[in-house]
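*Asks:* please find the sequence and the predicted model below.
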Amino acid sequence: MSSTKKTKQGSVKTPELENHGKYSLVNIWVVTLALKLLLSIGYHSTDFDVHRNWLAITRNLPISQWYLEKTSQWTLDYPPFFAYFELFLSYFIPPIVRNDGCLDIVEKGNYGIPTIYFQRMTVIVSEIVLFGSLQWYINTSKSHSAARRAYVVASSLVLSPGLLLIDHIHFQYNGMMYGILILMINCARLEKYLWCGAWFAILLCFKHIYLYLAPAVFIFLLRAYCLQLKIDKSKNFISNSIGLVRWGNLIKLGSIVLIIFTVAFAPFYKVLPNVIERLFPFSRGLTHAYWAPNIWAIYSFLDRLLIQIYKKVTLSQLPLQKIFKFDSELLQNEDLIRSSTRGIVGDIEFLILPTISPKLTFVLTLFYQIMALIPLFLQPNFRRFMGALTLCGYASFLFGWHVHEKAILIVIFPITFLVSRDKKLLAPFNLLVSCAYVSLFPLIFTSGEWLIKVVYTTLWYIIYYFNFRKVVLPFKNFVGDGEIILDRFINGYILGLIPMVTLVSLIDLFEHKFEVLQKLEFLKLMLISVYCGIGIISSWNGFNWLYFMDESIWDDEIDNN
């Protein structure tokens, strides 16, 4: 039993709780604030004008017109709570920013430094939600050692290269969104089920991409809070179903979720079909303009490879035609080949391999998510919930329709809360984060930010590679030579990112001098997508193995030791 001591007021305080105070994220926030301010006048993507246009729409138009306005191509396509958030920000716009064109509804924004500084500051301030939620996660740890591990997890997330690249250079508000997700996760950890459901409903009303995680949240709350079942662990079947449904809990949870969605969508009841159409634009193609490193990037690459084999290896033509039954005349259309390689938004043409339909991507995503939900239904504790949440994120990213490369964060955040549990989880985690963060590099293609993205990501990986190994709980079972060899192979693959990034950087540097490189303008994006895609798929396979085969990681004990 740990020793205790009296405070001046005479109350008893354990040493563990006293030491929680030193695990504060305030210093990290202050230091990173300086870096983010320095980046504020650097490169920003078209997403900057997207959010500027949303500020203008929500401030100048009645609410019934928000999801109908289309002067600019950057139409409002986020759920209502985010639109309310943009309206809230618009009331803080100073006159100098308003006169700069920040609130003009135009086809293409014409703005200057005042607007840039204002919008950058809104991202920085909104990130307080992320810092606050992670600080709460640390403070609610039940021991000093658990708080220490929680601090490593929390600091790795607030310093995430993904958030720096996407939010503070490229420009988005992911920090605030993931802060709300962490509030939901910590409520689940503390068994505050009503708050867990409420925060997740709020999150969905901010950004609908988190629907990918909804199956895991639904099953977890259903089993842990709304159903009363006893599972015979030795035989894995329901041994008692008396009083199956906790109707009071179900009604309370359902009412909270219904109220939140009503508040969000009720003002738009007259234009609800337009809202739904904006939120789910299925007219877009299978892949984004820049292939996300997933299954479809590999599939698209194989199609490009088979095209080159067909055109250059005469003996391959007849077998390929018999196997895949494609129209060989299409292979003579160089414009079609180049357009599909670039991954333009719209219908992607696969010239040899069969075309992928939205229905197939939905079926594959749902299948792998359901597989992850079965163990969660049988064992509805926090550890298993986080594993299912991670696998739902994996499935949506790897098999989803028109997945953006930025969506990889939906996998990284849940899995980070698991890696301090068992060293076996570090291998898929390291493979995931290294490939995922490198896959975001093409989003920032200006020379001024090249050094920042490479150096920052490298330092982050080195620091947290050793910090997680330092605080992680040891292996519970004997580790054989096979696992050691696999770990070394993974580290070798991660080191392979260095020459790959170097090669891509050299192509980028010299492509204006050599015509052949200009013709292969998509080559560097393909290299990154395919190499990182193989790594992310491999991390998913490794995590799947541990999730389904290693029960010691997912027992009822939570990280309190």
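*Replies:* Cool, got the structure. Numbers count the residues shown, from 1 in each chain.
*Asks:* please count neighbours and contacts with C-alpha atoms only from this point.
*Replies:* OK.
*Asks:* longest helix anywhere in this structure?
*Replies:* helix 523-549 (DSSP state H).
*Asks:* so what secondary structure elements neighbour it?
*Replies:* In this structure, helix 523-549 packs against helix 295-312, helix 382-399, helix 426-439, helix 497-510, with contacts taken as 3 or more Cα pairs under 8 Å, 6 or more residues apart in numbering; DSSP states H and E.
*Asks:* I'd say residue 205 and residue 77 touch.
*Replies:* No: contact criterion Cα atoms under 8 Å: residue 205 and residue 77 do not qualify, at 11.8 Å.
*Asks:* just name the most buried of the helices and strands packed on helix 523-549.
*Replies:* For the helices and strands packed on helix 523-549, the largest average neighbour count (mean count of other Cα atoms under 10 Å) is found in helix 382-399, namely a mean of 26.
*Asks:* what angle do that one and helix 295-312 make?
*Replies:* Per axes from the mean of the first three to the mean of the last three Cα atoms, to 10 degrees, the angle that helix 382-399 makes with helix 295-312 is 30 degrees.
*Asks:* helix 382-399: how far from the chain's middle?
*Replies:* Taking Cα atoms, centre = their mean, to the nearest Å, one finds the center of helix 382-399 at 11 Å from the center of the full chain.
*Asks:* how about it as PDB, C-alpha atoms only?
*Replies:* Taking C-alpha atoms only, helix 382-399 is exported to PDB below (Å, rounded to 0.1, in the frame of the first residue of the first chain):
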ATOM      1  CA  PHE A 382     -12.700   0.000 -22.700                       C
ATOM      2  CA  ARG A 383      -9.700  -1.800 -24.100                       C
ATOM      3  CA  ARG A 384     -11.800  -3.900 -26.500                       C
ATOM      4  CA  PHE A 385     -13.800  -0.700 -27.400                       C
ATOM      5  CA  MET A 386     -10.600   1.100 -28.400                       C
ATOM      6  CA  GLY A 387      -9.500  -1.900 -30.500                       C
ATOM      7  CA  ALA A 388     -12.800  -2.000 -32.300                       C
ATOM      8  CA  LEU A 389     -12.700   1.800 -32.800                       C
ATOM      9  CA  THR A 390      -9.300   1.500 -34.300                       C
ATOM     10  CA  LEU A 391     -10.300  -1.300 -36.700                       C
ATOM     11  CA  CYS A 392     -13.400   0.600 -37.800                       C
ATOM     12  CA  GLY A 393     -11.100   3.500 -38.700                       C
ATOM     13  CA  TYR A 394      -8.800   1.200 -40.500                       C
ATOM     14  CA  ALA A 395     -11.600  -0.400 -42.500                       C
ATOM     15  CA  SER A 396     -13.100   2.900 -43.600                       C
ATOM     16  CA  PHE A 397      -9.700   4.300 -44.600                       C
ATOM     17  CA  LEU A 398      -8.500   1.200 -46.500                       C
ATOM     18  CA  PHE A 399     -11.800   0.300 -48.300                       C
END
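*Asks:* what's the following helix or strand past that helix packed up against?
*Replies:* Using DSSP states H and E, the next helix or strand after helix 382-399 towards the C-terminus is helix 409-416. Judged by 3+ Cα pairs under 8 Å, 6+ apart, helix 409-416 is in contact with helix 144-158, helix 382-399, helix 426-439.
*Asks:* name the surrounding residues that touch helix 409-416.
*Replies:* Contacts with helix 409-416, where a contact means Cα atoms under 8 Å, 6 or more residues apart in numbering, come from 153, 157, 162, 178, 210, 386-387, 389-391, 393-394, 429, 432-433.
*Asks:* pick the one among the residues you listed closest to residue 67.
*Replies:* Ranked by distance to residue 67 (Cα to Cα), those are led by residue 210 at 20.4 Å.
*Asks:* ok, the closest one - how many residues close by?
*Replies:* Residues within reach of residue 210, counting by other Cα atoms under 10 Å, total 20.
*Asks:* please tell me how far the spatially closest residue to it that is not a sequence neighbour sits from residue 145.
*Replies:* In this structure, residue 210 finds its nearest non-sequential neighbour in residue 204, 6.0 Å apart by Cα to Cα, 6 or more residues apart in numbering. To residue 145, residue 204 is 34 Å away according to Cα to Cα, to the nearest Å.
*Asks:* among the two, which residue is more densely surrounded?
*Replies:* Set residue 204 next to residue 145 and count neighbours by other Cα under 10 Å: residue 204 wins out with 24 against 17.
*Asks:* is it true that the more buried one lies in a helix?
*Replies:* Yes: the assignment for residue 204 is a helix, going by DSSP: H, G, I helix; E, B strand; the rest coil.
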